[in-house]
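A.B. asks: A predicted structure for the sequence below; I have some questions about it.
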Amino acid sequence: QVQLVESGGGLVQAGGSLRLSCTPSGRASGTLVMGWFRQAPGKEREFEAATSRSGSSTDYADSVKGRFTISRDNVKNTVYLQMNSLKPEDTADYYCAARSGSPYLSRNPIAYDYWGQGTQVTVSS
């Protein structure tokens with residue numbers, strides 16, 4: 001069983017930055033495709049970014065491309081989401097997700113096997 005622990009959310013002004021972290025326990029992060037999703041109140045959970053097991057491949061939603069960067073440090077067993085130039089519409093609960101059964105990136109939340117508890121990000125205007 002894999003448990004994902006997220007940290008780094010908070011309140012920030014528009015234009016500011018935050019870095020989210022996700023640490024899987026129970027399995028080395030280097031064996032997992034990792035993704036970040038977000039869910040705003042009243043909306044469906046949506047894909048933001050994903051990284052391959054090695055970190056050599058990444059994928060981003062168009063809404064965050066150029067502003068968010070996903071990275072991983074498999075020695076520290078941690079995945080990061082660096083969020084820059086934040087906008088009020090980025091306000092949501094952010095979830096870390098892990099995919100164990102395939103090496104391929106996916107934008108579909110159904111493809112992910114494990115989820116973190118979520119961390120709240122609020123961007124004020």
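C.D. replies: Happy to help now that I have it.
A.B. asks: Could you list the buried residues of the one helix or strand residue 71 maps to?
C.D. replies: Assigned by DSSP states H and E, residue 71 belongs to strand 68-73. Of the residues in strand 68-73, 68, 69, 70, 72 count as buried by neighbour count, 16 or more other CB atoms under 10 Å. The C-beta positions use only the backbone N, C-alpha and C, and glycine is treated the same way.
A.B. asks: So for it, mean pLDDT?
C.D. replies: Averaged over strand 68-73, pLDDT sits at 97.
A.B. asks: Identify the residue nearest residue 35 in space, chain neighbours excluded?
C.D. replies: Using CB to CB, 6 or more residues apart in numbering and skipping residues adjacent in sequence, the residue nearest residue 35 is residue 50, 4.0 Å away.
A.B. asks: Residue 14 versus the one you found, what's the distance?
C.D. replies: In this view, residue 50 and residue 14 are 26 Å apart by CB to CB, to the nearest Å.
A.B. asks: In terms of neighbours, single out the busier of those two.
C.D. replies: In terms of neighbours (other CB atoms under 10 Å), residue 50 is the more surrounded of residue 50 and residue 14; the figures are 25 against 13.
A.B. asks: is it true that that one touches residue 71?
C.D. replies: No. Residue 50 is beyond contact range of residue 71, at 11.8 Å (criterion: CB atoms under 8 Å).
A.B. asks: show me the contacts for the residue nearest the centre of the chain.
C.D. replies: Nearest to the geometric centre of the chain sits residue 36, at 2.3 Å (CA atoms, centre = their mean). The contact partners of residue 36, taken as CB atoms under 8 Å, 6 or more residues apart in numbering, are 20, 22, 48, 49, 50, 68, 70, 81, 94, 95, 96, 97.
A.B. asks: Present the residues you listed as a markdown table; the columns should include secondary structure.
C.D. replies: What follows is the contacts of residue 36, written out as a markdown table (DSSP: H, G, I helix; E, B strand; the rest coil):
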| residue | secondary structure |
| --- | --- |
| 20 | strand |
| 22 | strand |
| 48 | strand |
| 49 | strand |
| 50 | strand |
| 68 | strand |
| 70 | strand |
| 81 | strand |
| 94 | strand |
| 95 | strand |
| 96 | strand |
| 97 | strand |
